[in-house]
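> kindly return the folded structure for what I paste below:
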Amino acid sequence: MRTKESGGKSMSMADALARLPFWGLLTAKEQGVLAARAVIRRDGPVQIVHGGQHDCPGLFLVLSGELRAAMLSEAGREITLYRVGTGEFCVLSASCVISQITFDTQIMTESSCECLVIDTATINGLAEKNLALRCALYEQALRRFSEVMWTMQQILFMGLDCRLATFLMGETDRTDAFEIVMTHDQIARHISSAREVVARMLKRFAAEGWVQLHRGRITVTNPGALRRLAAAEN
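Okay, here's the model as predicted:
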């Protein structure tokens, strides 16, 4: 089976498997088992790929696109916990493998996304017998929980202006560009706020000369000011 790399070049299943961070920890026999069971999954934008604690589709390695993990309250409020970019894998979608993971998250695509998926039974069977693999999965889970704790810290202890500035500068660092292609509603979901509140704060930033607002995108014009604001409560 072949898939597409971000530049459009065809990538073989072998190349996709080699991108797994723990591939080198497996024996030749274990690699063969995994190769026989792994599949390529393609989803459009804003599609749920993991619906909560009782849904366990397996481990996802993002080949192209981006996944977003979020928690949703009964009132419909959404908190983005972390994002999984190209070349990264998501272990919380295989929460059945790590039984200590007991809170519900939804994992969805941010854009059209292509992932290598290893089903729960396969990854569970390998992790039971391979201590190095099991440790790698736990290590990745700990990294994600650190991101979750950072998100909670921002929500509980940072004002909206600082959270928004932190998010905007994080996006410029992540994409290496000062133009952020994102709607106010998308930003609100990422920083756990309301669209109207985010819109008002962005207008304030624009009035200060820190950003320029366009339909569906934002241009950062004074990154220094935003970084100083982001650092004020860090």
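> residue 228 and residue 204: what is the separation?
15 Å (CB to CB, to the nearest Å). Every residue, glycine included, has its C-beta placed from N, CA and C.
> same check on residue 83?
26 Å.
> repeat for residue 169
Distance from residue 169 to residue 204, by CB to CB: 16 Å.
> the two: which has the busier surroundings?
residue 169 (19 against 13; other CB atoms under 10 Å).
> which of the helices or strands spans that one?
Per DSSP states H and E: residue 169 is located in helix 160-175.
> for the record, mean pLDDT for that helix?
Averaging pLDDT along helix 160-175 yields 94.
> which elements pack onto the helix or strand that it is followed by?
Using DSSP H and E, the helix or strand that follows helix 160-175 towards the C-terminus is strand 179-180. Using 3 or more CB pairs under 8 Å, 6 or more residues apart in numbering; DSSP states H and E, the elements in contact with strand 179-180 are helix 160-175, strand 217-220.
> what is the longest one packed up against?
Helices and strands touching helix 160-175, by 3+ CB pairs under 8 Å, 6+ apart, are helix 131-157, strand 179-180, helix 184-191, helix 195-208, strand 217-220, helix 223-231.
> check those for me and report the most buried one.
Ranked by mean neighbour count, the helices and strands packed on helix 160-175 are led by helix 184-191 with a mean of 19 (mean count of other CB atoms under 10 Å).
> let's see that helix as PDB, backbone CA atoms only.
C-alpha atoms of helix 184-191 as PDB (Å, rounded to 0.1, in the frame of the first residue of the first chain):
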ATOM      1  CA  HIS A 184     -12.400  33.500  15.400                       C
ATOM      2  CA  ASP A 185     -14.500  30.400  16.200                       C
ATOM      3  CA  GLN A 186     -11.500  28.100  15.700                       C
ATOM      4  CA  ILE A 187      -9.300  30.200  18.000                       C
ATOM      5  CA  ALA A 188     -12.100  30.300  20.600                       C
ATOM      6  CA  ARG A 189     -12.200  26.500  20.700                       C
ATOM      7  CA  HIS A 190      -8.400  26.300  21.100                       C
ATOM      8  CA  ILE A 191      -8.200  28.700  24.000                       C
END
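> having no further points to raise, I will conclude here.
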